[in-house]
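K.L.:
Here is a sequence together with a model predicted from it:
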Amino acid sequence: MGMLDGKVAIVTGAGRGIGREEALLLAAEGAKVIVNDVGGAGEESPARQTVADIEAAGGTAAVNDNDISSWAGAEGAVAQAVDTWGQLDILVNNAGILRDKMSFSMSEDEWDAVIKVHLKGHFATSHFAAIHWRNRSKAGEDVYGRIINTSSESGLFGNAGQSNYGAAKAGIAMLTVILGRELERYGVTVNAISPRARTRMTEDLFGEMGKAEEGQFDAFGPQNVAPLVAFLASPEAGDVNGQNFVVFGGSVWVMEGWKPAGSLVRDHGWTPKELADAKSQLFADRNSGLPPFSFF
């Protein structure tokens, strides 16, 4: 018996890396999995290999090669899950790309491509999944719905050279909270992970630090991310909603969003000079410069 027996899942960007590990583990826990990856229809494609590995282990999976950053592609991926197995229970939004440049060197296409794949891609699939779950709820069914989004520490803390990626991931972090508020009434939870793992997108960023050493625990291995996703997809996480988790190796942190860190409060307005004079009070407990790119 697995934690996800009888459930139907979609994992986007599941041909390689984190998405592949998520698909493999969800299937091992009993879910039927739509393995989505652009260009995944080819017989030798990574998505086909993910499906083959799931089936070889006794699981059930099918390939979907839709571009989920398009409205039609996202709708088709959700429709395939419902048409094939009668329902959708779990949506793991993982697909992504990088087009890193400093702001003064970034092209319009580099900005648009990253925002489209990450932010629009997360919303488009969630939109059609939400329609499916809302319709079922209004028909009187008991709905089980889980969305697990993929944010990033770049979206939480801001990494130079990633204005497109960081902005998209910050948007995903807030999209997670908004969707959680909207869909809770229909039996759906929405959470996000901010993984630190070695993938094709990140292996150059981590350099030597991220390389696996023989005989040692591979802290940067993408397989370390999948258990958190499987937990969030499970009935045991039914009371977890609108949360964002940083996961790295054997560590998981629950993150907390914006909250006041200093204040100026009075019963009438301020002049610019008064604000300048009160700056030390406003920043009494924190530095007024750039926040750190870390939390430890």
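P.N.:
Arrived safely.
K.L.:
Show me which helix or strand of the chain is least confident by mean pLDDT.
P.N.:
Every helix and strand of the chain was ranked by mean pLDDT, DSSP states H and E. The lowest is helix 203-206, at a mean of 54.
K.L.:
Endpoints of stretch 173-193, how far apart?
P.N.:
Stretch 173-193 has an end-to-end distance of 9 Å (Cα to Cα, to the nearest Å).
K.L.:
Stretch 236-255 too?
P.N.:
End-to-end distance (Cα to Cα), stretch 236-255: 20 Å.
K.L.:
so how far is that stretch off the chain centroid?
P.N.:
Chain-centre distance of stretch 236-255: 12 Å, with Cα atoms, centre = their mean, to the nearest Å.
K.L.:
again, but for stretch 247-257
P.N.:
Mean-position distance between stretch 247-257 and its chain equals 13 Å (Cα atoms, centre = their mean).
K.L.:
List the buried residues for it?
P.N.:
247, 248 (16 or more other Cβ atoms under 10 Å). For every residue, glycine as well, the C-beta is placed using N, CA and C.
K.L.:
Report the rounded mean pLDDT for it.
P.N.:
The average of the pLDDT scores along stretch 247-257 is 96.
K.L.:
That one spans what distance, first to last residue?
P.N.:
Stretch 247-257 has its terminal residues 16 Å apart, counting by Cα to Cα.
K.L.:
Please apply the same query to stretch 93-110.
P.N.:
21 Å.
K.L.:
likewise stretch 219-234?
P.N.:
For stretch 219-234, the end-to-end distance is 24 Å (Cα to Cα).
K.L.:
Also stretch 198-217?
P.N.:
End-to-end distance of stretch 198-217 (Cα to Cα): 13 Å.
K.L.:
Any stretches of the stretch 51-200 of the chain with poor pLDDT?
P.N.:
Where the stretch 51-200 of the chain drops to pLDDT under 70, the residues are 200.
K.L.:
where along it do the helices fall?
P.N.:
For the stretch 51-200 of the chain, the helices defined by DSSP state H, counting those that start in this stretch cover 71-85, 108-114, 121-138, 153-157, 163-183.
K.L.:
Give the buried residues for the longest one.
P.N.:
It stands for helix 163-183. Going by neighbour count (16+ other Cβ under 10 Å), the buried part of helix 163-183 is 163-177, 179-180, 183.
K.L.:
next one: the first one
P.N.:
By neighbour count on 16+ other Cβ under 10 Å, the buried set for helix 71-85 is 73, 74, 75, 76, 77, 78, 80, 81, 85.
K.L.:
Nearest to residue 267 among the residues you listed?
P.N.:
Here the nearest of these to residue 267, counting by Cβ to Cβ, is residue 74; it sits at 49.5 Å.
K.L.:
My guess is that closest one contacts residue 128. True?
P.N.:
Yes: proximity of residue 74 to residue 128 meets the contact threshold set by Cβ atoms under 8 Å, at 5.5 Å.
K.L.:
And residue 201, what's its pLDDT?
P.N.:
pLDDT recorded at residue 201 is 60.
K.L.:
one step back: what do residue 74 and residue 128 both touch?
P.N.:
Residues touching both residue 74 and residue 128 (Cβ atoms under 8 Å, 6 or more residues apart in numbering): none.
K.L.:
re earlier: what's downstream of the least confident helix or strand of the chain, the next helix or strand?
P.N.:
helix 226-233 (DSSP states H and E).
K.L.:
For that following helix, which outside residues touch it?
P.N.:
For helix 226-233, contacts defined as Cβ under 8 Å, 6+ apart pick out 3-4, 7, 9, 18, 21-22, 24-26, 29, 31, 90, 92, 146, 148, 189, 191, 193, 237, 240, 245, 247, 252.
K.L.:
residues touching the residue sitting nearest the centre point of the chain, list them.
P.N.:
Nearest to the mean C-alpha position of the chain, counting by Cα atoms, centre = their mean, stands residue 150 at 1.2 Å. Contacts for residue 150 (Cβ under 8 Å, 6+ apart) come out as 18, 92, 93, 94, 96, 122, 172, 192, 193, 194, 195.
K.L.:
Run a quick neighbour tally on the nearest residue to residue 164 once chain neighbours are set aside.
P.N.:
In space, and not counting its chain neighbours, residue 164 is closest to residue 114: 3.9 Å by Cβ to Cβ, 6 or more residues apart in numbering. By other Cβ atoms under 10 Å, 24 other residues sit near residue 114.
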